[in-house]
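Colleague: here you go, sequence then predicted model.
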Amino acid sequence: MENYDLVIVGGGPAGLAAAISARKEGIQSILVLERDDRLGGILNQCIHNGFGLHTFNEELTGPEYAGRFITQLLDEKIEYRLNTMVMDISHDRVVTAMNSRDGMFQIQAKAVVLAMGCRERSRGALNIPGYRPAGIYTAGCAQRLVNMEGQMPGKKVVILGSGDIGLIMARRMTLEGAKVEVVAELMPYSGGLKRNIVQCLDDFGIPLKLSHTVVNIEGKKRVEAVTIAEVGPDRKPVPGTEERYECDTLLLSCGLLPENELSKACGVELSRVTNGPVVNDSLETSVPGVFACGNVLHVHDLVDFVSMEAKNAGHYAAAFIKNGEETGERIIDMVCDGKVRYTVPQMIRPDDMEETLTVRFRVANVYKNASIVVKAAGKELVRRKKQIMAPGEMEQVVLKKADLASADRVDIGIEEA
Amino acid sequence: MEERHLTCINCPMGCALTVTLDNGEVVSVTGNTCKRGEIYGRKEVTNPTRIVTSTVAVDGGKDAVVAVKTASDIPKGKMFDIVNALKGVRVKSPVHIGDVIVKDVCGTGVDIIATRED
Amino acid sequence: MYDVIVIGAGAVGSATARELSRYSGKFLVLEAEEDVCSGTTKANSAIVHAGYDAVPGSKKALYNVRGSEMMEDLSKELDFAYKRIGSLVICRKDQDRSVLEKLLEQGKKNGVRDLRIIERDEIVSMEPNIDDDVVCALYAPTAAIVCPFGMCIAFAENAADNGVEFAFNSGVKQIKKADGHFVIETEKGVFEAKAVVNAAGVYSDVLHNQVSEKKLHITPRKGEYELFDRADGDFVHHTIFQLPSALGKGILVTPTVHGNLLLGPTAEDIENKEGTNTTADGLSQVEKMAALSVKNIPYRDVITSFAGLRAHEDGGDFIIGECEDCEGFFDAAGIESPGLSSAPAIGADLAQMVAEKLSLKKNESFNGTRKGILDPKKLSIEERNELIKKNPAYGQIICRCESVTAGEIIDAITRTLGAKSLDGIKRRTRAGMGRCQAGFCTPRQMDLLEKYAHLTPEEVTKSGGDSVLVFGKTK
């Protein structure tokens, strides 16, 4: 059995930032375990620009953004192992991992940071009826084929879901000579950034059909046609609105799911809303010494926020390694009104928290000219009016320790005008 | 007088902008909620630009292709020309972030640079 | 000239081929698809029925009970996944308990062991998620679950290792009998044989009718299914059936040998023998009907849905044996449920019939054991490290959802009758069968197929033929 102070599961943007931050807090013994053949995670295939405006004040591509953190990690001489799959994390923080060089090995860690990221919702999870031919790809899988393998996965494409990766792939494949027929989105609004709708669809005359979904896939061997239909307010297809598109490819960009199979096996309590661990103000999960950050915790809209959150996770993991388990007894819940779907963290230790705490959350619908309102102990702590809030964008509020001293819960909600 | 209709890209509001032009000069921007919308509307009708990101073939690297981009904005109308100009370009590993892959692509004065190590 | 040509490399065709290889002779299996196990065998309930359903005296009853008895030993000899978990046929409070009693009697007549009717308390202790309205059930402890891919592939591999030839992408266009032997025209040329075994699934009527005046008619009966994440493998512990109806055994709820949860099938008679598409109506029917058996079904964990076609013959029974008006032509037609359970027994019987017909001698070098693809998950850490030291490919995970290593995939590609496509790899190793449905590992599996099956990227397919994955290089 090897020993490390801190083991970080995942070498994507979250794992990198957590490792660097823990090192800056004085933790010497750190090991990053990455399943791919390089650090940087999915950013390596996100070759479009638009990353890093908040962190670096400039627009970088995915690999460039990752590159900045990789350089820091190398400068800090933080250890990492590539092509290494973590197979298990025990409740007492024994990490079992495997690669071709070292075989299967175990590490006793003082603290663990979960930074495994997320996966895409598949065709099966969406339960789209029809045949099961080749040519149905998640947008991210197509992105890897195009941007890493240099292969064209399709020539005539229909896209279901207007998540950012789908929009980005619409442009990417168009520029490579494919014809993107249409983007269908189940919801009455797009989950993607306005900028991507304009620059990836409008620039190329690709129609976006809101409140539409795929109702049939034809083709026994390779996709031959896809039928989309309008959906009603119940999100069920409206008969008679079907439109058939001949195509060879269906790309799916229908949401991301935090990848928490390891967390579950470790005994970490998961949230039904985020599909990620339930954490407290130090991003610690229900298993002491196991922290979480990035898309494994909850799906982020911008990688900049992943980096910020992961930096905090590294900081708190370092504190845990140095001080051991926090002694605080009192835990209060963040209570969402439903218009706020969830918060991260979900719990706060008012006696042990730092002076300020950034709470990130998402809203359930599009709200215009509404206010974010936070209340605790009968007092309104935050009231902030926003011109617009949308489910696709993460929101945040900052809470002060001083305000929560006598609180037994914190209520967060949206008040519409 | 000519009217152009745009969607502002600065925030999720996605304001529907109407830009009125007279002989190519912007007369007014309406429909915006904030100042950023007006700036965007003016630029988008007079001098729309984009960053182009793409890949070129690489020999001897980890991947079949290396990621590249235009080092700065290029005129929107040149996007396809630039991607076409990258056809047949092959580079040899090692390639580092920032390496110039094509100088002055399509006479834009802008270089194509690598954005991924390979 | 072959002694015997078997048409169809599904469970029945492969089992027959393996049993034939106990004899000396020249044998060929013709398969229309690119791989074994590509038709009805790949999309069914994966159940080994105990044998109480079939009418006593029918071929279904005979072969089901016999096949079910053979299955456990076979799973050891041929190294495929099989688990005897038992089954329940449930009776709800608004239903007729006497139907269960009739099933019990029928089962006893068919020779099914240990059948008994149990009451709600016992059911709840066995299945905590059983629906509130279930009052009693027929419990069949001998019922089991099996990996249909594993079983079929094992039969075929073992047959091939014992000298049987296989020709893929070789759909039969026409069979004629001339000068006392058969001339079989396929997409890949003409073959001749002294005897033919027709195990062509939903097409077995077409082939039969080319040589016989005693016409068969097979209706593809579609069954749609939903498959759930392995996280739900212990949602139920037995195969839970509903009271049978005219169209079959209704919607079942079962764990699979790999720990997934499976719901289905519907039963819809269709025209199209290739109509394996799922439908919105079918899938919603699966969910509606399954809810009559169990409660709290974790629908958010559905990872895929699929449809299979059962070959239903108008007579309602299996048609096994030599064709009355065409000597040397042996049918295994109308193989619908319990076809998978019956396949080993049908194969053994047919091979014996053919061998007798042709007076084939014993194959002295027949070796009936076969080693499947190694599953490193079953090894200790020490054993695993030994393995990785010898072959580092076993240390490299390709499919993260199912923890499948490059070593297993390379074995699947390079062994006897190896995988040539993503689906071929999936059926042999489970790579890509997990919750991300190959979203992450498709490019990595393509790399392995390129390297070990010697394909270009444009030649790599999902399931052979035109099911290409990419159309060439970018730019």
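Modeller: In hand now; what should we look at?

Colleague: looking at chain B, which helix or strand is least sure?
Modeller: One helix or strand of chain B scores below all others by mean pLDDT, DSSP states H and E: strand B:2-7, with a mean of 92.

Colleague: other residues contacting that strand?
Modeller: Strand B:2-7 is contacted from outside by A:194, A:197-198, A:202, B:14-22, B:40-41, B:44-45, using CB atoms under 8 Å, 6 or more residues apart in numbering or on different chains. The way it works is simple: take the backbone N, C-alpha and C, and place the C-beta from them, glycine included.

Colleague: for stretch B:35-42, which positions count as buried?
Modeller: Residues B:Gly37, B:Glu38, B:Tyr40, B:Gly41, B:Arg42 are the ones in stretch B:35-42 that count as buried (16 or more other CB atoms under 10 Å in any protein chain shown).

Colleague: repeat that for stretch A:153-164.
Modeller: So for stretch A:153-164, counting by 16+ other CB under 10 Å, buried means A:Pro153, A:Gly154, A:Lys155, A:Lys156, A:Val157, A:Val158, A:Ile159, A:Leu160, A:Gly161, A:Ser162, A:Gly163, A:Asp164.

Colleague: close to chain B, is that stretch?
Modeller: No: judged by CB under 8 Å from any CB of the partner chain, stretch A:153-164 stays clear of chain B, getting no closer than 12.4 Å.

Colleague: each with direction, which strands does the helix or strand where B:Ser28 lies pair with?
Modeller: Using DSSP states H and E, B:Ser28 falls within strand B:25-30. Next to strand B:25-30 in the sheet, as set by DSSP bridges, lie strand B:16-22 (antiparallel).

Colleague: got a list of what the residue in chain C that chain B sits nearest to touches?
Modeller: Across chain C, the shortest distance to chain B (CB to the nearest CB) belongs to C:Lys475, at 4.7 Å. By CB under 8 Å, 6+ apart, the residues touching C:Lys475 are A:Glu176, A:Gly177, B:Ser54, B:Thr55, B:Val56, B:Ala57, B:Val83, B:Leu86, B:Lys87, B:Gly88.

Colleague: could I get those as CSV with secondary structure and pLDDT?
Modeller: CSV is the format used below for these (DSSP: H, G, I helix; E, B strand; the rest coil; pLDDT from 0 to 100):
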residue, secondary structure, pLDDT
A:Glu176, coil, 96
A:Gly177, coil, 96
B:Ser54, strand, 98
B:Thr55, strand, 98
B:Val56, strand, 97
B:Ala57, strand, 97
B:Val83, helix, 96
B:Leu86, coil, 97
B:Lys87, coil, 94
B:Gly88, coil, 92
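
Colleague: show me which of these are buried.
Modeller: Taking 16+ other CB under 10 Å as the criterion, what is buried in the contacts of C:Lys475 is A:Glu176, B:Ser54, B:Thr55, B:Val56, B:Ala57, B:Val83, B:Leu86.

Colleague: ok, the first one - contacts?
Modeller: So that's A:Glu176. A:Val146, A:Met152, B:Val83, C:Thr474, C:Lys475 are the contacts of A:Glu176 under CB under 8 Å, 6+ apart.

Colleague: rebuild those as TSV, extending it with distance to C:Gly315.
Modeller: Shown next, in TSV, are the contacts of A:Glu176 (distance: CB to CB, whole Å):
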residue	distance to C:Gly315
A:Val146	53
A:Met152	51
B:Val83	63
C:Thr474	56
C:Lys475	59
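
Colleague: tell me which element A:Gln387 falls in.
Modeller: Secondary structure assigned from DSSP H and E places A:Gln387 in strand A:379-389.

Colleague: mind listing what's buried along that strand?
Modeller: By neighbour count on 16+ other CB under 10 Å, the buried set for strand A:379-389 is A:Leu381, A:Val382, A:Lys386, A:Ile388, A:Met389.

Colleague: ok, and of those, which contact chain B?
Modeller: Residues of these in contact with chain B (CB under 8 Å from any CB): A:Ile388, A:Met389.

Colleague: report the lowest-confidence entry in the buried residues of strand A:379-389.
Modeller: Here the lowest pLDDT out of the buried residues of strand A:379-389 sits on A:Ile388, with 90.

Colleague: so in terms of bridging, what pairs with that one?
Modeller: Applying DSSP bridges to A:Ile388 gives these bridge partners: A:Lys368.

Colleague: now stretch C:99-111: average pLDDT?
Modeller: Averaging pLDDT along stretch C:99-111 gives 95.

Colleague: need the pLDDT of residue 323.
Modeller: You didn't say which chain, so I picked chain A. pLDDT for A:Asn323: 90.

Colleague: chain C, not that one
Modeller: For C:Cys323, pLDDT reads 97.

Colleague: nearest residue to it other than its sequence neighbours?
Modeller: Distance criterion CB to CB, 6 or more residues apart in numbering or on different chains; nearest residue to C:Cys323, sequence neighbours excluded, is C:Phe329 at 4.3 Å.

Colleague: again with B:Lys103
Modeller: B:Asp111 (5.4 Å).

Colleague: picking up where we left off before, beyond the strand holding B:Ser28, next helix or strand please.
Modeller: Next along the chain after strand B:25-30, taking DSSP H and E as the criterion, comes helix B:35-46.

Colleague: packing partners for that next one?
Modeller: The contact analysis (3 or more CB pairs under 8 Å, 6 or more residues apart in numbering or on different chains; DSSP states H and E) places helix B:35-46 against strand B:2-7, strand B:16-22, strand B:25-30.

Colleague: list the buried ones in stretch C:56-75?
Modeller: C:58-72, C:74-75.

Colleague: may I have that stretch as PDB, with CA atoms only?
Modeller: Output in PDB follows, covering the C-alpha atoms of stretch C:56-75 (Å, rounded to 0.1, in the frame of the first residue of the first chain):
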ATOM      1  CA  PRO C  56     -47.800 -31.000 -22.400                       C
ATOM      2  CA  GLY C  57     -46.800 -33.200 -25.400                       C
ATOM      3  CA  SER C  58     -45.700 -30.200 -27.500                       C
ATOM      4  CA  LYS C  59     -42.200 -29.800 -28.900                       C
ATOM      5  CA  LYS C  60     -41.900 -26.600 -26.900                       C
ATOM      6  CA  ALA C  61     -42.500 -28.500 -23.700                       C
ATOM      7  CA  LEU C  62     -40.200 -31.300 -24.600                       C
ATOM      8  CA  TYR C  63     -37.200 -29.200 -25.700                       C
ATOM      9  CA  ASN C  64     -37.700 -26.500 -23.000                       C
ATOM     10  CA  VAL C  65     -37.500 -28.900 -20.100                       C
ATOM     11  CA  ARG C  66     -34.600 -30.900 -21.700                       C
ATOM     12  CA  GLY C  67     -32.700 -27.700 -22.700                       C
ATOM     13  CA  SER C  68     -33.200 -26.200 -19.300                       C
ATOM     14  CA  GLU C  69     -31.700 -29.300 -17.700                       C
ATOM     15  CA  MET C  70     -28.700 -29.200 -20.000                       C
ATOM     16  CA  MET C  71     -28.000 -25.600 -19.500                       C
ATOM     17  CA  GLU C  72     -26.100 -25.500 -16.300                       C
ATOM     18  CA  ASP C  73     -23.500 -28.200 -17.300                       C
ATOM     19  CA  LEU C  74     -23.100 -26.600 -20.700                       C
ATOM     20  CA  SER C  75     -22.400 -23.200 -19.100                       C
END
